[in-house]
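Visitor: take this sequence and fold it.
(one chain, ligands or ions: 1)
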Amino acid sequence: MDHKKRILLKLTGEAFVNPATGKLAPETIIAVINQIQLLSHSHQFGLVVGGGNFFRGHKEGRMLGMTPSSGHQVGILATMLNGIILKDLLEQHEISTTIFCALECPAAGKPISQQGITAAVKKGDTIVFTGGTGNPFFTTDTNAVLRGLQMEATEIWKGTKVDGVYDKDPMLHTDARRYDQLTYLEAINKKLGIMDPPALALAQQFDQHVRVFNLFEPQAMLKAAQDDTFGTCITN
Ligand code: UDP
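Guide: Prediction:
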């Protein structure tokens, strides 16, 4: 394996949507792809895709009166839709990509295995992880930490709509304070809601560093690559 930094970028389903119109739009994803190309000499990326632009088990599933596990199944399928979109756009930009799917679905991606992940890392591919963990009652945040550990990522980058982690919602409170750094324990105990508790617990247990920053800011990934203090770092 070469000496590139390995990053697991968690891409929320919101990245597939124009924030102003709420409709599917490629701009943010294309900006991510351009930055992956610009960083390709120094960084290799694994991308975990969410599905929240289409369906979240605990939200839309509940609204429809579905049983929780079936609602989550639909959410898992939503991540697969985004995965296929992402792989197609990456390949149109001539980025060699391997896509894995945690559910058996050859049309959506290769079946996930540690051997497969290691081979894709060695090949130098950009890796798309879709289908979540394959299990209901999880979120793609937990999947991001899991796949980050599997590809031995230096850091998880969680792209959000705000420039880091705040003590309260900065959209609602003008006196909200941004953390430069935070421990997993503080994030869990203060219920800051930046990642779900299972994701934070897994990252804490295996000391997987997480960085939270605004993915919608121009050149955010380039800034994160150049500046270790960009965004909020969550560590032990
Ligand atoms: N999901 C699941 N298991 C997983 C990952 C995802 O059941 O391992 C379901 C869950 O219902 C979740 C939905 O898929 O709400 C979409 O994922 P997520 O909410 O993480 O998407 P994002 O908010 O990142 O767009």
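Visitor: C-alpha from now on. contacts and neighbour counts both.
Guide: Will do.
Visitor: name the residues that touch the helix ranked longest in the chain?
Guide: Longest helix of the chain, by residue count under DSSP state H: helix 68-92. Helix 68-92 has contacts (C-alpha atoms under 8 Å, 6 or more residues apart in numbering) with 13, 16, 29-30, 33, 49-52, 54-58, 60-62, 96-99, 101, 108, 128-132, 134-137.
Visitor: so, in contact with the ligand or not, it?
Guide: Yes - residues of helix 68-92 contacting the ligand under C-alpha under 6 Å from any ligand atom: 72, 73, 75, 76.
Visitor: now do that helix: distance to the chain's middle.
Guide: 12 Å (C-alpha atoms, centre = their mean, to the nearest Å).
Visitor: and the contacts of helix 68-92 near the ligand, which?
Guide: Restricting the contacts of helix 68-92 to those near the ligand by C-alpha under 6 Å from any ligand atom leaves 13, 50-52, 55-58, 132, 134-137.
Visitor: need the buried ones from the residues you listed selected in PyMOL.
Guide: PyMOL command restricting those to the buried ones, with burial defined by 16 or more other C-alpha atoms under 10 Å:
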select buried, resi 13+50+51+52+55+56+57+58+132+134+136
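Visitor: I'd like the ones next to the ligand among the contacts of helix 68-92 laid out as a markdown table, including pLDDT and secondary structure.
Guide: Formatted as a markdown table, these follow (pLDDT from 0 to 100; DSSP: H, G, I helix; E, B strand; the rest coil):
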| residue | pLDDT | secondary structure |
| --- | --- | --- |
| 13 | 96 | helix |
| 50 | 96 | coil |
| 51 | 97 | coil |
| 52 | 96 | coil |
| 55 | 97 | coil |
| 56 | 96 | coil |
| 57 | 95 | helix |
| 58 | 94 | helix |
| 132 | 97 | coil |
| 134 | 97 | coil |
| 135 | 97 | coil |
| 136 | 97 | coil |
| 137 | 96 | coil |
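Visitor: I'd say residue 120 and residue 100 touch.
Guide: No - counting by C-alpha atoms under 8 Å, residue 120 does not reach residue 100; the two are 9.9 Å apart.
Visitor: name the residues contacting each of these two.
Guide: Any residue near both residue 120 and residue 100 by C-alpha under 8 Å, 6+ apart counts here, and that gives residue 127.
Visitor: in terms of neighbours, single out the busier of these two.
Guide: Set residue 120 next to residue 100 and count neighbours by other C-alpha atoms under 10 Å: residue 100 wins out with 27 against 20.
Visitor: phi, psi of the more buried one?
Guide: phi -110, psi 150 (degrees, to the nearest 10).
Visitor: how near is it to the ligand?
Guide: Computed as C-alpha to the nearest ligand atom, to the nearest Å, the residue 100 to the ligand distance reads 13 Å.
Visitor: was I right about that residue contacting residue 128?
Guide: Yes - between residue 100 and residue 128 there is a contact at 6.2 Å, judged by C-alpha under 8 Å.
Visitor: quick check: residues of this protein near the ligand?
Guide: For the chain, the residues in contact with the ligand (C-alpha under 6 Å from any ligand atom) are 12-14, 50-53, 55-58, 72-73, 75-76, 132-141, 143.
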